[in-house]
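Colleague: Quick one: sequence and predicted model below, then my questions.
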Amino acid sequence: MTAFSVLSTPVLIGLVSSLLLALLPLYSELPGWVVFAAVLAILELVRLQRRTQVRPGRALRVALTLAAVTMVWFQYRSFIGLEPMVALLVLGVSLKLLECAGERDVYQVVFLGLFLVATGFLFSQSLPISLVGVLALAILLTTLVSLNRRSNQWLWQDFRLAVLMLLLAAPLMLVMFVFFPRIAPLWSVPNMSGQAITGMSDTLAPGSVAKLGRSAEVVFRARFDGDIPPAAQRYWRGVVLSDFDGEQWQSVPWRQLPEEERRLQAPSYSGELLNYRVVQEPTRQRWLFALPYAQSDTAGVFETVDYRLAVAEPLESQFAYDVRSQAVADSAEPLSTWRHKLETHLPATANPRTRQWVSTVQNQYATPETLAEAILKYFREQAFYYTLQPQPLNDSDFVDAFLFDSRRGFCEHYAYAFAVVMRMAGIPARVVAGYQGGEVNPLNNSVVVRQFDAHAWTEIWIAGRGWLRIDPTAAVAPERIELGLEAALPNAESFLVDSPLSVYRFRHLALVNWLRLRYDVMAYQWQSFIVGFDNDRQINLLERWLGKVSTDRYATVFLLSWALVLVPLGLILARSRQISRLSFAERSFKNLCRKLRARGLNRMPGETPRALLVRAENDPRIPVSLRQALTEAELQLYASRTDANPH
């Protein structure tokens with residue numbers, strides 16, 4: 001066992017605080033035991049330093065390393081993937097802390113800390129995470145400054161120097177951000193969880209959407225070019241669920257579609273044209289959220305056969321895309337045999353009471369439209385309740401139990417039951433899951449959609465018209481569609497129970513609401529213009545600046561921009577070095593000369609400080625305070641020279 005070399009206070013503070021900050025973005029992404037082990041190692045470093053203890057021996061460190069690697073393997077069953085790689089890095093940094101025996105080890109920990117900060121951006125590039133990352137970077141640089149200065153001064157002086165270094169590097173960073181080509185990564189790191197981080201799944205069962213009503217987490221923000229449509233028209237389509245097995249609804253994977261069903265039959269769009277830009281949070285799903293019926297020219301975004309927007313790979317980070325929507329998609333094309341069979345499929349014997357009831361109602365209403373209206377009238381007139389806490393229904397005949405017994409449910413209960421009823425009548429029907437409504441931010445004409453805006457509704461097929469949206473929840477709780485979830489719940493039951501510290505809870509306070517809305521504006525701008533600055537937006541920007549972007553013109557501007565940044569930066573650094581060679585007394589005297597010059601008294605070439613002082617005393621333009629300061633500076637100047645040359 002080897003004794004610790006005691007680190008200076010600034011180095012220890014910088015090391016501990018920067019590592020704790022670097023762990024913040026990883027807290028919700030890694031298993032709790034990994035973060036706990038890292039914090040425990042940091043506290044152990046502090047304990048060993050304060051008590052000048054000995055560090056763990058080689059055998060113990062090897063045993064801890066093997067244990068960490070083994071636990072990561074059992075956690076993920078693989079070392080290939082983003083989470084296990086980051087977990088190994090965190091545990092490696094933690095173990096390195098236990099063997100910090102000297103300055104070289106501290107340098108290694110600082111450099112590993114830089115990698116740790118970068119890993120946080122692999123999971124999220126949101127504004128708070130970015131601010132935490134920049135602060136952690138500044139403190140890591142402060143630690144390097146403290147190591148090199150080898151002083152025990154307080155951390156603030158070293159922090160100021162580190163911040164100055166970052167500010168000097170900012171212009172070059174800006175040039176690289178604007179001009180450096182947006183090249184797609186040459187590799188892909190798979191995500192091991194394979195689950196959505198937020199929001200909708202591609203399956204729906206009673207209770208699945210109600211869970212989202214307890215969270216205030218932001219799902220996406222949309223900024224409109226013109227007027228924002230009213231809340232009742234803001235149905236954000238996400239995933240279409242057509243496959244029903246009698247218990248739950250699920251989407252049909254693209255690869256399982258027949259070849260002839262994979263191509264979108266372009267309908268005739270009509271209605272008011274809406275143009276808007278969406279910034280969506282990472283979901284680890286492929287679908288995007290948009291109003292019906294959506295089209296997009298953003299690179300990588302395509303339209304699906306069920307009128308949704310999607311991307312080829314799951315969203316692992318914030319994604320910005322431009323959308324144009326029109327409310328109606330008229331299609332005279334009939335449903336194919338395969339699609340009709342899919343959209344009308346039901347188990348043969350389930351829900352007998354509902355089947356009998358539908359048969360009776362169907363005899364009275366001949367068309368799909370009138371039948372749908374009759375079912376909605378039933379929801380409106382009977383004692384149905386809208387609630388986040390419905391009675392669990394484990395009966396295999398769920399629709400029977402819901403329609404005739406409990407009559408309490410959330411939006412997915414009503415969409416589920418309505419779609420089953422329509423299929424019993426032979427009408428093609430499916431469930432659509434997404435979000436409805438959203439909070440309007442008047443400061444930037446945007447809509448903020450949160451998890452509690454999650455919603456499910458139904459679409460039925462009408463020959464000659466195509467798919468028609470029917471929302472049975474609107475028949476039971478119209479205030480949910482017009483005013484939002486909180487207004488529709490009795491006593492706001494379970495609302496935001498999973499977000500007890502959300503600022504949305506305190507929006508009734510004027511100051512909190514003022515700050516909250518302005519933060520939403522900044523978050524949208526950050527995600528749209530910084531995180532969303534992709535290859536298309538870069539090319540458009542350069543074309544506005546340069547006209548046609550050619551290789552020669554691009555290279556010239558790129559190199560010129562570097563010169564415009566680096567030349568002034570070099571001059572500033574050269575001047576600062578020159579100034580740093582002067583003593584404090586000499587710098588004070590030069591500063592006083594500038595003040596005298598502003599008063600009209602210029603120092604003559606070769607004039608001594610004493611001669612300048614005599615002229616200042618005889619000049620009425622020079623105030624007494626400035627004469628006294630010049631006298632003190634003259635004394636300090638000659639005193640410093642005497643100290644420097646005692647003989």
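Modeller: Everything's here; your move. Numbers count the residues shown, from 1 in each chain.
Colleague: Assign the nearest residue to Ala463 once chain neighbours are set aside to helix, strand or coil.
Modeller: Using C-beta to C-beta, 6 or more residues apart in numbering and skipping residues adjacent in sequence, the residue nearest Ala463 is Pro334, 6.7 Å away. Using the backbone N, CA and C atoms, a C-beta is placed for each residue, glycine as well. Here Pro334 is recorded as coil under DSSP: H, G, I helix; E, B strand; the rest coil.
Colleague: which phi and psi does the spatially most central residue of the chain have?
Modeller: With distances taken as C-alpha atoms, centre = their mean, the residue of the chain nearest its centroid is Ser126 (3.6 Å). Backbone torsions for Ser126, taken as degrees, to the nearest 10, come to phi -70, psi 170.
Colleague: Now do it against Glu316, distance only.
Modeller: Spatial separation of Ser126 from Glu316 under the definition C-beta to C-beta, to the nearest Å is 13 Å.
Colleague: Who are the contact partners of the residue nearest to the centre of the chain?
Modeller: Contact analysis of Ser126 by C-beta atoms under 8 Å, 6 or more residues apart in numbering lists 281, 318, 523, 526-527.
Colleague: Quick one, grab the pLDDT at it.
Modeller: Looking at Ser126, its pLDDT reads 84.
Colleague: now do the one 10 residues further on
Modeller: The score at Ala136 is 93. That number is its pLDDT.
Colleague: what's the burial count for it?
Modeller: A count of nearby residues for Ala136, using other C-beta atoms under 10 Å, gives 24.
Colleague: list the contacts for the nearest residue to it once chain neighbours are set aside?
Modeller: With sequence-adjacent residues excluded and distances taken as C-beta to C-beta, 6+ apart, Ala136 is closest to Leu21, at 3.9 Å. By C-beta under 8 Å, 6+ apart, the residues touching Leu21 are 132, 135-136, 139.
Colleague: Save those residues as CSV, and put in distance to Leu264 and secondary structure too.
Modeller: Output for the contacts of Leu21, formatted as CSV (distance: C-beta to C-beta, whole Å; DSSP: H, G, I helix; E, B strand; the rest coil):
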residue, distance to Leu264, secondary structure
Val132, 42, helix
Leu135, 47, helix
Ala136, 46, helix
Ile139, 52, helix
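Colleague: okay, among those, which ones form the most distant pair?
Modeller: Across the contacts of Leu21, the longest distance by C-beta to C-beta is 10.8 Å; it joins Val132 and Ile139.
Colleague: follow-up on the earlier one: how much space separates the residue nearest to the centre of the chain from Gly102?
Modeller: Applying C-beta to C-beta, the value for Ser126 to Gly102 is 38 Å.
Colleague: can you tell me which of the contacts of Ser126 lies nearest to Gln636?
Modeller: Closest to Gln636 out of the contacts of Ser126 is Trp526 (49.3 Å), distances taken as C-beta to C-beta.
Colleague: Just give me the neighbour total for the residue nearest to Asp202 when sequence neighbours are not counted.
Modeller: What sits nearest to Asp202 in space, not counting adjacent residues and going by C-beta to C-beta, 6+ apart, is Ser251, at 4.5 Å. Neighbourhood size, Ser251 [other C-beta under 10 Å]: 23.
Colleague: Next one, pLDDT for Ser251 please.
Modeller: 90.
Colleague: roughly how far apart are it and Leu342?
Modeller: According to C-beta to C-beta, Ser251 and Leu342 sit 11 Å apart.
Colleague: list the residues that contact both of those two?
Modeller: Residues touching both Ser251 and Leu342 (C-beta under 8 Å, 6+ apart): 242-243.
Colleague: what does the domain assignment say about this protein?
Modeller: Annotated domains of the chain cover 9-149, 203-500, 584-644 [automatic domain parsing].
Colleague: Which among those is found nearest to Ala555?
Modeller: Proximity to Ala555, assessed across the domains of the chain by C-beta to C-beta, is greatest for domain 203-500 (23.8 Å).
Colleague: that older thread, CSV for the contacts of Ser126, including secondary structure, pLDDT and distance to Val35?
Modeller: As requested, the contacts of Ser126 are exported to CSV (DSSP: H, G, I helix; E, B strand; the rest coil; pLDDT from 0 to 100; distance: C-beta to C-beta, whole Å):
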residue, secondary structure, pLDDT, distance to Val35
Glu281, coil, 87, 22
Gln318, coil, 83, 23
Ala523, helix, 88, 25
Trp526, helix, 88, 26
Gln527, helix, 83, 26
